[in-house]
Every structure is written in structure tokens, then in C-alpha cells.
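Asker: Let me see the structure of the following:
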Amino acid sequence: MGLAISDSWQNIVSVAPETRSGGYIVTAFFDISVPTGSPPNGQPKPIVTSTLAYGKGIGAFDVQGTIAIATATSDVQSIGRTYTWNNAFE
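Answerer: As a prediction, the model looks like this:
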């Protein structure tokens, strides 16, 4: 937990068992980005982002990904929400 250079606050919770063959991880992130800059540059309202990251080892391979929802603290109708996700197989 700390203040980042990008003017955001993050809290991270992670669960990962100790294992030598595969295993998994589930991590939750919570981020608040505060307005920076001045109009028309920068964001006009604070943005709250919740993220869930996950991964699972399968032999010599692994599957991992994230899903996140970002929403403004006000003016959601004009600013909108952002839903992002990604997955990888390595």
C-alpha cells in the first residue's frame, strides 16, 4: 500500500499456496486515481479501479489473466466505465 508517482493509491491482497508443482495465485487490486492536469488535459474526476488477477500452473505451462472495472466517482453517464481483461497461456 502506498502513494505512486501517478497520483494513485493501491491496496493489494494476494493468495498463493507454497507448491513446487503447478499451484495457483489469486490477487485483488484496488486503485484510486485522482484528477491531474487542467482542462482539457487530464482526467476530470477521480477514477476507481478494481482488478482481479489469477494464474494456474499446469505442468510446464501456465494460464494467467486479469479482469478490471474502472469507473469515475461522479459523472459516470458522461465519462463512462472501462472494462478490461486479458488472458495468456505460456
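Asker: Please report phi then psi for Val76.
Answerer: Phi and psi for Val76, reported as degrees, to the nearest 10, are phi -60, psi -30.
Asker: any idea of the pLDDT on it?
Answerer: The score at Val76 is 80. That number is its pLDDT.
Asker: In this protein, where is pLDDT below threshold?
Answerer: 1-22 (pLDDT under 70).
Asker: again, only this time at 80
Answerer: Applying pLDDT under 80 to the chain picks out residues 1-22, 36-44, 78-79.
Asker: What separation do you get for Ile67 and Lys45?
Answerer: Using C-beta to C-beta, to the nearest Å, Ile67 is found at 23 Å from Lys45. Heads up, the C-betas are built off the backbone N, CA and C, glycines and all.
Asker: same deal with Ala70?
Answerer: 12 Å.
Asker: Would you map the helices across this protein?
Answerer: 76-79 (DSSP state H).
Asker: spatially speaking, which residue is in the middle of it?
Answerer: Thr51 (3.4 Å; C-alpha atoms, centre = their mean).
Asker: Would you mind confirming that Tyr54 makes contact with Tyr24?
Answerer: Yes: the pair Tyr54 / Tyr24 is scored as a contact, 7.4 Å apart, by C-beta atoms under 8 Å.
Asker: what's Cys43 in contact with, if anything?
Answerer: Heads up, residue 43 is Gln, not Cys. 33, 35-37 (C-beta atoms under 8 Å, 6 or more residues apart in numbering).
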